[in-house]
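K.L.:
Sequence below, structure please.
(one chain, ligands or ions: 1)
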Amino acid sequence: MSHQIAIDGPAGAGKSTIAKLVSGKLGFIYVDTGAMYRAMALYLSRMNVNPDNADEVGEKAQSAEITIKYVDGEQVVMLGDENVNGLIRSPEVSAMASRTSQVARLREKLVELQQKLAETENVVMDGRDIGTVVLPNADLKIYLTASVQVRAMRRYKEMIAKGQEAVLEEIEKDIEDRDYRDMHREASPLKQADDAVLVDTSDMSIEEVADKIIELYNN
Ligand code: C5P
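P.N.:
From the prediction side, this is the model:
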């Protein structure tokens, strides 16, 4: 049996930073499931699919050829034979992913891919439904969160550091909207699994959070 750590939580809670760090320390692979929903969203926008038409989203999603590979330990998301890592972080793709991820038929396809990866490899997997749906028997489940203000400020600083334009109020609003959609959808809504450990990172450093998760895993 492979080892599995599931990390769920709202947008901007630091899941990917923490998951990467923890996976590196444990020698597990890091699976960023949000990147798969983003690649799917990119595929659907290229096909001009209306994100509010659930039937069309579910139908067209079936023909997307999404695979994952690892290059120098980094997860690369492939759409057909195209590496789309550089194309899936835009605000447009974020918005499309947040909308299209509501559709159950689309989710089923990506969940299957995620479960296959975790069958053969030791994984730290992050997302919204990992502890509740994808890996219900994970060795450790973490629900990572922080206040909306803290999450928005972190994202703001990240964007400014990259030389991007950013408006704090807009980021906060975007985070709230995405959380609302994730928490209120019918298919696999974002919620803390009964057996998940809640970690509020508002007043913790990245290292402190990673150390806490490793300590929980080892005990
Ligand atoms: O985590 P990230 O922001 O990259 O995810 C992009 C979008 O994909 C989220 O806004 C969320 O709606 C969706 N998602 C999901 N289930 C997952 C991971 C991401 O619904 N396991």
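K.L.:
So which bits of the protein are right by the ligand?
P.N.:
Within the chain, the positions lying close to the ligand (C-beta under 6 Å from any ligand atom) are 11, 33-34, 37-38, 97-98, 101, 127-129, 178, 182. Placement of C-beta: from N, CA and C, glycine included.
K.L.:
how about a cut-off of 8 Å?
P.N.:
8, 11-12, 15-16, 32-38, 41, 88, 94, 97-98, 101-102, 107, 110, 114, 126-130, 134, 178, 181-182, 185, 188, 190 (C-beta under 8 Å from any ligand atom).
K.L.:
Those residues in helices, which ones?
P.N.:
15-16, 33-38, 41, 94, 97-98, 107, 110, 114, 178, 181-182 (DSSP state H).
K.L.:
Walk me through the domains of the protein.
P.N.:
1-28+123-218, 29-121 (the TED database).
K.L.:
Need the ones you listed in a markdown table (columns: mean neighbour count and mean pLDDT).
P.N.:
Below are the domains of the chain laid out as a markdown table (neighbours: other C-beta atoms under 10 Å; pLDDT from 0 to 100):
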| stretch | mean neighbour count | mean pLDDT |
| --- | --- | --- |
| domain 1-28+123-218 | 18 | 95 |
| domain 29-121 | 17 | 97 |
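K.L.:
Can you give the distance of stretch 55-74 from its chain's centre?
P.N.:
14 Å (C-alpha atoms, centre = their mean, to the nearest Å).
K.L.:
Give me the distance between the two termini of that stretch.
P.N.:
Chord length of stretch 55-74, first to last residue, is 34 Å (C-alpha to C-alpha, to the nearest Å).
K.L.:
what comes into contact with it?
P.N.:
24, 29, 31, 36, 39-40, 43-44, 47, 49-51, 75-80, 100, 103-106, 109-110, 113, 117 (C-beta atoms under 8 Å, 6 or more residues apart in numbering).
K.L.:
Sort out which of those are in strands and list them.
P.N.:
29, 31, 75-79 (DSSP state E).
K.L.:
Which member of the residues you listed is positioned nearest the ligand?
P.N.:
Distance ranking of the ones in strands among the contacts of stretch 55-74 against the ligand, using C-beta to the nearest ligand atom, places residue 31 first at 9.8 Å.
K.L.:
so what's that closest one up against?
P.N.:
68, 75, 114, 117-118, 123-126.
K.L.:
Of those residues, which is the nearest to residue 143?
P.N.:
residue 126 (11.1 Å; C-beta to C-beta).
K.L.:
isn't that closest one right next to residue 34, touching?
P.N.:
Yes - assessed by C-beta atoms under 8 Å, residue 126 is found in contact with residue 34 at 7.2 Å.
K.L.:
residues contacting residue 212?
P.N.:
With the criterion set at C-beta under 8 Å, 6+ apart, residue 212 makes contact with 199, 204.
K.L.:
which element is it on?
P.N.:
Residue 212 is part of helix 206-218 when elements are defined by DSSP states H and E.
K.L.:
And residue 157, by the same measure?
P.N.:
helix 148-161.
K.L.:
Put the alpha carbons of that helix into PDB.
P.N.:
Coordinates of each C-alpha in helix 148-161 appear next as PDB, following Å, rounded to 0.1, in the frame of the first residue of the first chain:
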ATOM      1  CA  VAL A 148      -9.700  35.600   4.300                       C
ATOM      2  CA  GLN A 149      -7.700  38.700   5.100                       C
ATOM      3  CA  VAL A 150      -4.500  36.800   5.700                       C
ATOM      4  CA  ARG A 151      -5.000  34.700   2.500                       C
ATOM      5  CA  ALA A 152      -5.700  37.700   0.400                       C
ATOM      6  CA  MET A 153      -2.600  39.500   1.800                       C
ATOM      7  CA  ARG A 154      -0.400  36.600   1.000                       C
ATOM      8  CA  ARG A 155      -1.600  36.400  -2.600                       C
ATOM      9  CA  TYR A 156      -1.200  40.100  -2.900                       C
ATOM     10  CA  LYS A 157       2.400  40.100  -1.800                       C
ATOM     11  CA  GLU A 158       3.100  37.100  -4.100                       C
ATOM     12  CA  MET A 159       1.800  39.000  -7.100                       C
ATOM     13  CA  ILE A 160       3.600  42.200  -6.200                       C
ATOM     14  CA  ALA A 161       6.800  40.300  -5.800                       C
END
